[in-house]
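Trainee: have a look; sequence and predicted model below, questions after that.
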Amino acid sequence: MGYLDKEKLMFSNSEFQRIQNVNVLIAGAGGLGTHLAQQLYRTGIKKIYIYDNDKIVETNLNRQILYGKNDIGKYKVKCLKKKLDSLKLNTKVVAINEKIKKNSILPEKVNLIYDALDNFESRFILENLALKNNIPLIHAGIYSWFGQITTIMPNKNLSLKEIFEAKNYKEDSIPSLSPAVSAVASIQAVEGLKVYLNKSNTLIKKLLIIDLNDYSFQIINLK
Amino acid sequence: MHIKFFSLIKLDLKKSNETIRIDNKKTVKEIIRILDSRYDGYFSEKLYDDDNNMLTGTIIMVNGENIHHLNGLNTEVEDNDGMVLFPPSAGG
């Protein structure tokens, strides 16, 4: 018996093997990033590269799972790696204590990039790196009860910048609730795996808008 | 034409969509004026600054395309077009 036996039941043998060979990059170790890292770690993928250079502050603790009161003041990615490593499952976690920048050099053999950033300016920088390196970008954003998810395939559909325009939607304090962040991050995690496995019904050229206030999930078809 | 509202707009208006019957082509700006008349000026307050320029914070899409890549507020729409008003969620 192995810890992935029940996951294996959902996939063909070749799909299951492919999942165990996926390397992902998660940009941001905040609300979405911690939930994503934990979910993806449990799926038994090969490697998670996590980027962030922030330290943990108290206001992170309402939603950024993997951090507790004793972690305040520590670097997020180091703490995240330590927590996940302590679970002793197969996935390797590589903590990169840096902010994603225009000239960042990505690790080799990254199959998917997850956008877990908290502002659109940084997201457009991340998207440029994804496009330059020909890697699918799985975007998500959260606000209060709401979230959106879409997948950007390099040079095959509208870019994030074209969809959202280069406007600054940054707000000083974004309302957030851990279960709402978790719901969005979980779908984002699934989306990446489906894209990697070439499954149908992905969010390529589609924007999924999640509303946990009225429990509506709506898809807008994008150009 | 069918107009969908999302997230905060839907929460504010307690409504997720609106149908406007238009016989001839109209601009997005004219559509917003019609919506304003039905929702007590809500949309121009949400979307425009004092000089009637579009504020950031809300995306308007026509048939899945941001109007910034069409003709902005002067983008023409017809009765069978679909319009979406959507404040993107920026947090992470």
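Mentor: Looks like it came in fine.
Trainee: for the helix or strand where residue A:141 lies, the averaged confidence score.
Mentor: In this assignment (DSSP states H and E), residue A:141 forms part of strand A:137-143. For strand A:137-143, mean pLDDT rounds to 97.
Trainee: list the contacts for residue 73?
Mentor: This is for chain A. Shown in contact with residue A:73 (C-beta atoms under 8 Å, 6 or more residues apart in numbering or on different chains): A:55-56. Any C-beta I mention is one placed from the backbone N, CA and C, and that applies to glycine too.
Trainee: that's the wrong chain, I wanted chain B
Mentor: Residue B:73 neighbours (C-beta under 8 Å, 6+ apart): B:27-29, B:32, B:54, B:67.
Trainee: least confident pick among the residues you listed?
Mentor: residue B:54 (80).
Trainee: before we move on, the earlier item: may I see the ChimeraX selection of the buried members of the contacts of residue B:73?
Mentor: Applying 16 or more other C-beta atoms under 10 Å in any protein chain shown to those, the buried members can be selected in ChimeraX as follows:
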select /B:27,28,29,32,54,67
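Trainee: tell me the two of the contacts of residue B:73 that are most distant?
Mentor: Farthest apart among those by C-beta to C-beta are B:27 and B:54. That separation is 12.9 Å.
Trainee: so which bits of the helix or strand harbouring residue A:17 are buried?
Mentor: Assigned by DSSP H and E, residue A:17 falls within helix A:13-19. Using 16+ other C-beta under 10 Å as the test for burial, helix A:13-19 gives A:16, A:18-19.
Trainee: please see if the next helix or strand after that helix touches chain B.
Mentor: Where DSSP H and E defines the elements, the next helix or strand beyond helix A:13-19 is strand A:23-27. No. Residues of strand A:23-27 are not located near chain B by C-beta under 8 Å from any C-beta of the partner chain, the shortest gap being 8.8 Å.
Trainee: what lies in contact with strand A:23-27?
Mentor: Outside strand A:23-27, the residues that touch it by C-beta under 8 Å, 6+ apart are A:33, A:36-37, A:40, A:45-52, A:100, A:106-107, A:109-117, A:122, A:126, A:135, A:192.
Trainee: again, only this time at 7 Å
Mentor: With contacts defined as C-beta atoms under 7 Å, 6 or more residues apart in numbering or on different chains, strand A:23-27 is touched by A:33, A:36-37, A:40, A:45-51, A:100, A:106, A:109-117, A:126, A:192.
Trainee: that one versus strand A:137-143: what angle between them?
Mentor: Counting by axes from the mean of the first three to the mean of the last three C-alpha atoms, to 10 degrees, strand A:23-27 lies at 40 degrees to strand A:137-143.
Trainee: partners of strand A:23-27, with directions?
Mentor: strand A:47-51 (parallel), strand A:112-115 (parallel) (DSSP bridges).
Trainee: pull out the buried residues from the helix or strand just after that strand.
Mentor: Downstream of strand A:23-27, the first helix or strand assigned by DSSP H and E is helix A:31-42. Residues of helix A:31-42 classed as buried: A:31-42 (neighbour count, 16+ other C-beta under 10 Å).
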